[in-house]
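Peer 1: sharing a sequence plus its predicted fold:
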Amino acid sequence: MNDLGIIGGKIFDGFKSYKANIYIRDGRITAITSDDLETREKYSAVGMYIMPGLIDPHVHFALSLGKYRSADDFESGSISASFGGITTYIDFLDPVTHENEIDEKFLKRLEEAKNSHIDYTFHMTIAHPDIDPVTLAKRTLSLGINSIKTFTTYSTSNRMTGNGYILDLLAITKKYGIIETFHAEDDAMILYRSKNGKHLPKDLPFLHPSESEGAAAMSIATIAKLTDGQAYIVHNSSGLSVKMIEKLNASENVRLETCPQYLVLNDALYEKDDAYLYTLVPPLRSRLESSYLYEAVEKGSISTVGTDHCPFKKEEKFENRLNYDSMPNGIGGVETSFVLLYNKNRSEKNVNDLVKLQSVNVAETFGLKNKGKIVIGADADIAIFDPSIQWTIGISNLHTKADYTPYEGKNVTGKFVSVISRGRFVVKDGQFVGKRLRGKFVRRGKVFWHTRSGMPWFIREMNS
């Protein structure tokens with residue numbers, strides 16, 4: 001007998017929409033049918049949109065920045081994420097320089113994540129590494145991780161990795177089935193513009209210009225194409241940068257992520273008295289750049305949407321309002337990511353496009369083989385969205401430990417009302433019910449990108 005039946009909803013799988021019932025047993029999808037099957041529990045989803053649980057490829061829970069620590073730990077962050085339809089996320093290991101640090105930093109993050117209420121995995125992170133690239137690739141895979149985060153800037157805090165190492169690591173990514181992910185900004189440009197005096201939050205676009213992002217991203221894309229590597233560039237904020245990468249025709253080797261804040265907000269906020277509340281890197285860009293980004297999303301040049309969720313308390317931002325150089329950078333977004341982009345265009349086509357960007361493509365890119373799809377045998381990670389609910393985003397009705405949201409007062413339509421992780425409700429009818437539910441670390445094996453075929457990756461696997 002099935003454990004749960006989701007009855008009468010409209011399924012959006014990223015490619016098509018259709019009405020069907022979904023049945024679940026032992027945490028997996030067992031049937032997708034119009035038939036009325038026997039089940040222990042029925043959940044009526046009439047009038048609702050049913051989607052594979054969203055996957056956020058870019059969060060920072062319990063991130064320590066010396067004096068400051070991001071407001072959400074793995075428990076509160078996972079709760080907030082679940083209310084945003086997210087059932088799996090990818091966080092980061094602390095930066096590694098030497099091989100003997102790897103196990104310690106992996107175990108540390110596993111311990112911190114043990115209170116997560118939804119599934120999770122990690123990116124390896126390197127900082128001016130003193131590790132042979134082949135050794136790094138093998139050690140990373142042995143942990144069940146297949147992606148390695150690299151910084152092209154932050155030389156002053158010893159996190160930067162030079163192009164020589166980037167070249168050697170990218171050159172082996174396809175051989176070993178790993179992905180090199182990048183924070184892409186040109187370090188020399190940032191150092192040059194940051195060298196004189198104290199800076200204010202309003203200076204952020206000047207200190208981290210769009211040209212800096214474009215230069216670094218083009219360098220990465222060029223190296224990836226020349227080495228036939230697998231490069232993933234995170235939090236693209238520069239529409240101009242994306243337009244340049246499009247001209248390289250490097251989609252076989254480069255995938256791009258953007259974030260809702262770069263599509264919804266813009267740099268006019270840095271002229272406000274509370275500009276310090278919008279400090280993040282890369283910074284918000286112009287309305288024109290945002291429009292270019294949105295065009296890239298619609299064309300498919302952007303592969304995924306992550307949130308870069310990393311909020312800090314309002315007081316921590318405020319105390320650095322006259323000295324940006326000490327500012328903890330980051331804003332929150334896991335709970336509002338989907339609904340903000342849904343409200344840019346509430347068509348059914350856009351729902352499927354967002355499911356691709358925020359679930360299907362993330363799973364395919366990072367080798368989450370049982371996630372991001374509604375097919376028999378997949379993990380029963382399901383998000384149920386009511387497209388009729390009208391509400392106003394405000395910190396009082398979110399579930400983060402942060403005490404502000406950059407989207408305060410924004411009126412939106414549509415809300416996730418129930419979310420299921422591996423067959424069990426985390427959120428049910430607008431209430432958190434997952435207190436006893438613990439997420440699992442999801443191991444990921446070797447991944448090899450396929451972009452020449454337009455066929456969905458899981459259909460290719462079934463037909464092979």
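Peer 2: Sure thing, it's come through. Numbering: from 1, shown residues only.

Peer 1: quick one: low-confidence parts of this structure?
Peer 2: Flagging of the chain using pLDDT under 70 yields the residue ranges 451-464.

Peer 1: against which helices or strands is the helix ranked longest in it packed?
Peer 2: Using DSSP state H, we find that the single longest helix of the chain is helix 210-227. Helices and strands touching helix 210-227, as assessed by 3 or more Cβ pairs under 8 Å, 6 or more residues apart in numbering; DSSP states H and E, comprise helix 163-176, strand 179-183, helix 187-194, strand 231-233, helix 239-248, strand 254-258. All C-beta spots, glycine's among them, are computed from the backbone N, C-alpha and C.

Peer 1: next one: stretch 60-71 to chain centre, how far?
Peer 2: Chain-centre distance of stretch 60-71: 18 Å, with Cα atoms, centre = their mean, to the nearest Å.

Peer 1: now do the end-to-end distance for it.
Peer 2: 10 Å (Cα to Cα, to the nearest Å).

Peer 1: same question for stretch 315-333.
Peer 2: Stretch 315-333: ends 19 Å apart by Cα to Cα.

Peer 1: quick check: buried residues in that stretch?
Peer 2: Within stretch 315-333, the residues that count as buried by 16 or more other Cβ atoms under 10 Å are 316-317, 320-321, 324, 327-333.

Peer 1: for those, could you give me TSV that also reports secondary structure and distance to I118?
Peer 2: Below are the buried residues of stretch 315-333 laid out as TSV (DSSP: H, G, I helix; E, B strand; the rest coil; distance: Cβ to Cβ, whole Å):
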residue	secondary structure	distance to I118
E316	helix	26
K317	helix	28
N320	coil	32
R321	coil	35
Y324	helix	34
M327	coil	30
P328	coil	25
N329	coil	25
G330	coil	21
I331	coil	21
G332	coil	17
G333	coil	16
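
Peer 1: quick check: end-to-end length of stretch 75-90?
Peer 2: End-to-end distance of stretch 75-90 (Cα to Cα): 14 Å.

Peer 1: one more: stretch 39-53?
Peer 2: One end of stretch 39-53 sits 21 Å from the other (Cα to Cα).

Peer 1: all strands of the stretch 251-400 of the chain, in order?
Peer 2: For the stretch 251-400 of the chain, applying DSSP state E, counting those that start in this stretch gives strands covering 254-258, 304-305, 382-392.

Peer 1: redo those as TSV? Include distance to F106 and mean neighbour count.
Peer 2: What follows is the strands of the stretch 251-400 of the chain, written out as TSV (distance: least, Cβ to Cβ, whole Å; neighbours: other Cβ atoms under 10 Å):
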stretch	distance to F106	mean neighbour count
strand 254-258	23	25
strand 304-305	24	26
strand 382-392	29	18
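
Peer 1: for T161, which of these is the nearest?
Peer 2: Nearest to T161, of all the strands of the stretch 251-400 of the chain, is strand 254-258, at 17.3 Å by Cβ to Cβ.

Peer 1: report all helices and strands that that closest one contacts.
Peer 2: Other helices and strands packing on strand 254-258, by 3+ Cβ pairs under 8 Å, 6+ apart, are helix 210-227, strand 231-233, helix 239-248, helix 287-299, strand 304-305.

Peer 1: okay, the ones you listed in JSON lines with distance to I393 next?
Peer 2: What follows is the helices and strands packed on strand 254-258, written out as JSON lines (distance: least, Cβ to Cβ, whole Å):
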{"stretch": "helix 210-227", "distance to I393": "27"}
{"stretch": "strand 231-233", "distance to I393": "28"}
{"stretch": "helix 239-248", "distance to I393": "24"}
{"stretch": "helix 287-299", "distance to I393": "19"}
{"stretch": "strand 304-305", "distance to I393": "17"}
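
Peer 1: out of the ones you listed, which gets nearest to L107?
Peer 2: strand 231-233 (25.1 Å).

Peer 1: pairing partners for the closest one, with directions?
Peer 2: Strand pairing for strand 231-233, using DSSP bridges, gives strand 179-183 (parallel), strand 254-258 (parallel).

Peer 1: so which of those is nearest G164?
Peer 2: Nearest to G164, of those and by Cβ to Cβ, is strand 179-183 at 13.7 Å.

Peer 1: can you show me the CA trace of that closest one as CSV?
Peer 2: In CSV, the C-alpha atoms belonging to strand 179-183 read as follows (Å, rounded to 0.1, in the frame of the first residue of the first chain):
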residue,chain,number,x,y,z
ILE,A,179,32.9,20.7,-11.7
GLU,A,180,35.0,23.8,-10.9
THR,A,181,32.7,26.6,-9.7
PHE,A,182,33.8,30.2,-9.6
HIS,A,183,33.3,33.4,-7.8
